[in-house]
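*Asks:* Got a sequence here, can you model it:
(chains A, B and C)
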Amino acid sequence: MHPSLPSRSLLPASLACRRLSAPRIAWAAVALWLVAAASATAGEPLHVRIDQAISKALAGQPVAERSSDEEFVRRIYLDLVGRIPSLDEAQEFLHDGSENKRAALIDRLLESPEFARRMQHVFDVMLMERRSGNAVPEDEWRQYLYDSFTKNKPFNELAREILAADGVENRPPARFYLDRGGDPDILTRDVGRLFFGMDLQCAQCHDHPLIGDYHQPLYYGIYAFLNRSFVFTDESKKTFFAEKAEGEVAFKSVFDPSVDEKDFKPRLPGGAVVEEPTFAKDDAYIVAPAKNVRPVPKYSRRQKLAEVATDGTSRQFNRNIANRLWYVMMGRGLIHPLDLDHSDNPPSHPELLDMLAEEFAASGFDVKFLLRELALTETYQRSSLLPEGMTDEQAAPERYAVALLKPLSPEQLAMSMMEATGVLQRERNSQSAKIDKDPKLKDLLETDAKRQQLRAALVEQAVYAAVKGNIQQFIGMFGSAPGEPEQDFQATVHQALFFNNGGMLNGWLSAQAGSLVDRVQKQQEPQAAVETLYLAVLSRLPDDTERTEAVEYLTRDPSARTAAVQQMAWALLTSSEFRFNH
Amino acid sequence: MKCQYACQTMDHVIARRTFLGGLVGFGSAMGLAGIASPLAASQLAAQQKHMLVIFLHGGVSQLETWDPKPKTDTGGPFRAISTSVPGIQISELLPHTAKQMHRMALIRSINTKENDHGKGRICMETGRREMPGFTYPHLGAVAAKLLTHESNPLPGFIRVGGGNGVNKKDAAYLGPQYASVTLGDGKPPANSLRPDSISALADAARNDFRRRVSDRFALRRRAAETEAYVQSYEQAQRLMERRDVFDISLESPSIQEKYGNHEFGRHCLLARRLIEHGVSFVQVGHSNYDTHYENFNFHIEQLGEFDATFAFLLQDLHDRGLLEKTLVVVMSEFGRTPKINERYGRDHWGSAWSIAMAGCGIQHGAVIGKTNDNGTQVVDREVHHGHLFHTYLRAVGLDPTESFTLNGRPMPVADPAVSAIKELLA
Amino acid sequence: MSQADPKATRVVRELKYNSPFISCRFDSQGRYVFGGAQDCTLQRFDVAGGEPVECPGHDSWVRAIAFSPDGEITYSGGFDGRLIWRETAAAKPEPIRTIDAHDGWVRAVAVSPDGQLLATAGNDRLIKLWKSDTGEQVGELAGHESHVYNVVFHPDGKELASCDLHCSVRHWTIADGKPQREFKIAELHTYDKTFRADIGGARGIAFNAAGTRLALGGITNVSNAFAGVGNAAVALIDWQEGKQVQLFKPKEDLRGSTWGVEFHPDGYLISVVGGGSGGFIYFFDEKAATPQDEVKLPRPGRDLDLHPDGLQLAVAHFDNVIRLYTMQKEEKAEAESKDDKPQETAKK
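*Replies:* Now for the predicted structure:
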């Protein structure tokens, strides 16, 4: 490790060990300064200050109660590990009498291998928006995300890898560019939206007619970082994202004849013009362009974009990711829609957003840190139940007075249904057995110091591989169209038919050994059976009405007890309560 | 400077105030694209209307169909024949269709400037040129959203033929509710049949239990989303009850025979059943017309199948009183080159070609626009996909100058730079 | 053996017009070449060259051209369904008889060896027989299930062979108009599942002089019908047995179709090919599947005819030209071939 770096890894080892070129050292220095500056002002923990900001804006208006343990355990599992808790996990938490059990659970989940999987899903959908494409196989890209979050790679490093990607050595991050076809206009739009929170598309041809802040130079500032890049296909038909050393940007306005920019230089939103080295024309390349040769310029504008965007100094970059992580936990962006950050659509809590952005950058873009702080807030831990008498205005989503309902993502829905019905546990058992029997892993698992962690990770990976096909079916059924953000909820008749008549869910409700239905029907005592069912599916016990109703259903026809269990399980799984993270 | 797409995305005539107003207090819970309220009235009236698109894949030749140029250097071997409308002649390959011309209209002056299959198709189906990285909804999704009455459990946008499934890309930002459902091989939608293992009684019981759980959950939570979710199951139940809509064997043998004992005939018959049962938009494909080689032999073959079936479809729709509320459009991704190549083929051609329309909302027997003597260019009333898209919507009583609202942003229903072909509208 | 030598084949004349040609035929006396053009006209050229003379009467393309044995009457069938009689050598070759012969295209017309009968084939799936002197229809042969692409009289004058799009070959007896046999030449027909269309049939058809062999020219091995991705081929059929005895193909798989076939009196078969890979004349011997000789044409060929002298060939082309070729041995060429030098115009 570089001697000048602090021991707490602000820079991940993987980056620090790589050659540190001059610009990288420069940004590292800036980031270090930011850490120092932030820690000097930080008194209270971040989660406390978040609640203060939210509470200040609420100005004494009523808020929902603190969530029950049942609400909380379901919510935090869904948000941090992407599935509902198993019956045993729910029970363990509910029976835990310790004071700080919520914080302890948050910490435990953040360290679980399933957290990396959840982040893989979140960032896959965020960055690729269900696009298909095969320049980089989806599995490789997803594995890349999973590995990144397994080691809690700082977000700025992840972003830098993606923005600088050429697909040569570290291939997966090039998927962002390559599976968008490398078109500079598409990339300008999506880099603007996904990394800077600004959909500048309308500023391509003229200043945005409706959004005062979105001027053409904003668009072309990003565009100029990308327009020299192109998809290079080698002789084996493999694609790379290559770049030329020339290609200037000029634009006019279709409305305003006085706008006629030539040789427009790259700049970040809110940033100054980037200084660029100059080379003689015949000296601009490390590898000069030629037929079937991927050119490599001495100075890469795309590389430069990756550096200046992620060095911690871009307020716009920092705000965007802070806002997106807030959205993941809270169900609504402080700026909403997430890609319309401009002065006519201000954040609901402007100071809070800037604070989050600064703290996140100061933490070294530590995703776990920010999610942990968000999860610890009272704001996050509020109930989704509306208090009696609360008005619509008081309950407006941007006030965060009541927890918002978040529709389960296709991945969450698939994993949760498989958890509830026992499919995942069955896989865990069988994959664990396989791993324990594997002679190649035997020594490792007996001797390695972190063997429990390692074993858990191996099991998780094997289970994921086994159920990936199921998840894919849910994505097909519940995911957004390719290229569309997956943010809004729409229920379709096909989804309902899929659950009502499709083989998948009905198959999971079979009474085979170890399944939910098996577990419930084996309990002779109707009340206990019903409680098991509710706890396994809804992560809570039934109330009195529900208990009576369910017991009645179960005992109506003793000869059809299994069918009754299946029917009730199906009903709970397809209920609104299950469909949403509440 | 190029400006091939951004200008089309935003209706520049929409007042800034309106736009910003749309942002204020617009909760994500309201879902995706809503539509501004002024459309509501016309929308309601239009809800009795339907659209049926027959897509001749590969690009049918305008010279062998709607705009023949016999005995010219580009005309090919076919002659023109008279139709039921005096003065209108079409290719001799369409003798049955010629007898239905009084229910139809032709547009002979299309210039989409697009010679690529995929891009041409996007033009014709979405009314906009392809915009990299952005998808506009298919005409069918627009129709599904604006023409479908809530009470109809059937999908609003059905494609007949192709791979069974749901194509979300067709709906784009309108959301999956308006995605197309493909009835592959004319089969009913996937999962529409209750499995044998679950009796009707058991299904009813479990659904009843589900409703109670959901109702209890919604009691103290305020979200339109839960309501939409619950409703989707009700729609599923109603769709299952009406599964026979998809079964053409319930039609009389004589009707089946008149539609033709081939896939296209069966698909057209299914399309008519779907329209009859309230489906807003149906698209039937006929393959294939991409005749770079032996254009003439292949057009005899393909149009021979198309002609009789299509003509009977119009007749049947008319006889059942459906044609007056159904707009029928016969389109392709483009036409074919007037120049005949060395291999008797015609190639891709978006510069001067034709489509046909029939049914509701249009002037019957109208011919819009004109090409020159040998069909190499449009000489009168040039239009493109954008004008056509406006025209289709107007014909079924919708206002294409309205906008959808996507996350608070207005998305014009049709390209605001152009308008409908007014003289074609009834 | 005659004076004809495939190896000597070379262009001797270009007969030029202002519209692409789709067909060409020498009259029976060998004075003229008639060609159907894409402007719906039939043009008559003197074999010696000069300006074409238009033969009016058709409203569509003319691909079917035949002559009385003495060459005095020209019969033409068009895609307008018409069958037209005219005097071959008339200064103004106006129709002397016009009959709406078929519903849909007339694709072929054949004359019986004695000149008494005409046979026509069309898209109405019928073959019709006509008295050549009166135009009276004397037969209608029904049974084909797709467009009839070609028809030919057997040299014995008592039988007919016909072939349709699906390459179903039918054998008819003329006296009673009855079908005798049907057999399918599967290699010359493809249903393209992607484009959902049939491609195939005999674009050229011919009996050998003895009547023992029937040749059908078409396209085989089609992978993309709409781009014409297939290989030109000629199926040779043993007429007695009704079986394919040879499938002639170029040595390399060239993209295209066979558009015309002729038997040379010397026994070999001549075919013309046109398509994506250009144009060729091939000379086949029954014993080998690949050509004995070939001539590369300047453009794809679209039709072929053999002059009654057995020495000249006519090929119809897209570039508004009918090219006349001679197979006559050249003294010089003979001298050179003794030195085993390759020929410029024809190579083995």
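*Asks:* mind checking how far stretch B:126-141 is from the chain centre?
*Replies:* Between the centre of stretch B:126-141 and the centre of its chain there are 13 Å (Cα atoms, centre = their mean, to the nearest Å).
*Asks:* buried set for that stretch?
*Replies:* B:126-131, B:133-141 (16 or more other Cβ atoms under 10 Å in any protein chain shown). Glycine gets a C-beta too; all of them are placed from N, C-alpha and C.
*Asks:* can you narrow those to ones near chain C?
*Replies:* When contact is defined as Cβ under 8 Å from any Cβ of the partner chain, the buried residues of stretch B:126-141 do not meet chain C at all.
*Asks:* Which one of those is nearest to chain A?
*Replies:* residue B:133 (3.3 Å; Cβ to the nearest Cβ).
*Asks:* nearest spatial neighbour of residue A:158, skipping sequence neighbours?
*Replies:* Excluding its sequence neighbours, the residue lying closest to residue A:158 (Cβ to Cβ, 6 or more residues apart in numbering or on different chains) is residue A:148, at 5.3 Å.
*Asks:* still on that earlier bit, out of the buried residues of stretch B:126-141, name the ones that lie in helices.
*Replies:* Applying DSSP state H to these, the entries found in helices are B:126, B:139-141.
*Asks:* residues in contact with the closest residue to residue A:281 other than its chain neighbours?
*Replies:* Excluding the flanking residues, the one nearest residue A:281 by Cβ to Cβ, 6+ apart is residue A:246, at 7.9 Å. Counting by Cβ atoms under 8 Å, 6 or more residues apart in numbering or on different chains, residue A:246 makes contact with A:228, A:281, A:284.
*Asks:* Quick one: buried ones out of those residues?
*Replies:* In terms of neighbour count (16+ other Cβ under 10 Å), the buried residues within the contacts of residue A:246 are A:228, A:284.
*Asks:* between the contacts of residue A:246, which is closest to residue B:145?
*Replies:* Proximity of those to residue B:145 (Cβ to Cβ) peaks at residue A:228, which lies at 41.2 Å.
*Asks:* List the contacts of the closest one.
*Replies:* Contacts of residue A:228 (Cβ under 8 Å, 6+ apart): A:243-247, A:297, A:301-302.
*Asks:* Need the max-distance pair from the residues you listed.
*Replies:* Farthest-apart pair in those is A:246 and A:302; separation 13.9 Å (Cβ to Cβ).
*Asks:* need the residues of chain C near chain B, please.
*Replies:* So far as Cβ under 8 Å from any Cβ goes, chain C lies against chain B at C:19-20, C:38-40, C:59-61, C:79-80, C:104-105, C:123, C:147, C:194-199, C:225-228, C:274-276, C:299-300, C:318.
*Asks:* On the three-state scheme, residue C:145 is what?
*Replies:* Using DSSP: H, G, I helix; E, B strand; the rest coil, the structure places residue C:145 in coil.
*Asks:* residues contacting it?
*Replies:* C:125, C:164, C:166, C:168.
*Asks:* Residues of the stretch 301-450 of chain A that sit close to chain B?
*Replies:* Applying Cβ under 8 Å from any Cβ, we find that the stretch 301-450 of chain A lies next to chain B at A:331-332, A:336-337, A:340, A:344-345, A:384-386, A:392, A:395-397, A:405, A:407.
*Asks:* pLDDT check: weakest of these?
*Replies:* The lowest pLDDT within those belongs to residue A:344, with 84.
*Asks:* Tell me, how many residues neighbour the residue in the stretch 301-426 of chain B positioned nearest to chain C?
*Replies:* As assessed by Cβ to the nearest Cβ, chain C sits closest to residue B:342 within the stretch 301-426 of chain B, at 4.3 Å. Look at residue B:342: counted by other Cβ atoms under 10 Å in any protein chain shown, it has 18 neighbours.
*Asks:* Using the three-state scheme, assign it.
*Replies:* Look at residue B:342: counting by three-state DSSP, its state is coil.
*Asks:* Just to check, it is in contact with residue C:298?
*Replies:* No: here residue B:342 lies out of contact with residue C:298, judged by Cβ atoms under 8 Å, at a distance of 11.8 Å.
*Asks:* wait, which of the buried residues of stretch B:126-141 is closest to residue A:547?
*Replies:* residue B:141 (44.9 Å).
*Asks:* Quick check, pLDDT for the closest one.
*Replies:* At residue B:141, the model reports a pLDDT of 96.
*Asks:* residues in contact with it?
*Replies:* Contacts of residue B:141 by Cβ under 8 Å, 6+ apart are B:157, B:170-172, B:174, B:178-180.
*Asks:* Among these, which pair sits farthest apart?
*Replies:* Pairwise over the contacts of residue B:141, using Cβ to Cβ, the maximum falls at B:157 and B:172, 12.1 Å.
*Asks:* Of the two, which one has the most company?
*Replies:* residue B:157 (32 against 26).
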